[in-house]
Structures are given as structure tokens and as C-alpha cells.
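Sequence and predicted model, in that order:
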Amino acid sequence: MLKGTNRRVIVVRSPDRRFFEEAIFIVREGVLGQGGVTAEQVVEEARRVADGYLRKEVRPGWRARIPASGYMALGALLATALWCVGMLV
């Protein structure tokens, strides 16, 4: 939460709007005066970071790779096994 302070903000709009519309970066105070960093460099870094989140590859777990028919067959097999055990008791 920002209370009564003026902050510099960079808004990076997403090229792929399926996930989010924009990323908002709050620039640390005094960063533009330190070490010869220009405003263009700060904006470019914000774009690079936002782009990195879009391109990050998420590997699905092993359960996501099993097709639905595999789950159906496993369920049918389990139900049959339980029915057979119930008949023996």
C-alpha cells in the first residue's frame, strides 16, 4: 500500500492478453540517479522481466501426461477389483 508518497511507476502492457493485461513496476527511489542508469534502461529491464514471465516454460507433472482414457481404464479396473473382492467376502 502506498500512503501519501509519490512513486515512479512503469506499466508494461502484455502482448499476450490471455493471462494478464499489464504488469506494474514501482521504481525504487533514486535509481535513476545512481550509476548512470537511464530511464530507457529501466523501462527495458521492466519489459525484459515481464517478458520472462510470459516465456517461462512450465512442465506438466506426470499426471497431466496421462490421457483421460487412461484414467477411465484405471477406474474401471479398480471398480472391478473391488467388486471381485466384495464377492469373495
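Structure's in. What do you need? Worth saying up front: this structure is predicted, and the values here are computed from it rather than measured. Numbering: from 1, shown residues only.

Run through the strands of this protein in chain order.
8-13, 22-27 (DSSP state E).

May I see those organised as JSON lines, with mean pLDDT, distance to residue 43 and mean neighbour count added?
Any C-beta I mention is one placed from the backbone N, CA and C, and that applies to glycine too. Conversion of those to JSON lines gives the following (pLDDT from 0 to 100; distance: least, C-beta to C-beta, whole Å; neighbours: other C-beta atoms under 10 Å):
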{"stretch": "strand 8-13", "mean pLDDT": "82", "distance to residue 43": "6", "mean neighbour count": "13"}
{"stretch": "strand 22-27", "mean pLDDT": "84", "distance to residue 43": "9", "mean neighbour count": "13"}
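
out of those strands, nearest to residue 81?
strand 22-27 (50.7 Å; C-beta to C-beta).

can you give me the angle that closest one makes with strand 8-13?
Strand 22-27 and strand 8-13 are oriented at 160 degrees to each other (axes from the mean of the first three to the mean of the last three C-alpha atoms, to 10 degrees).
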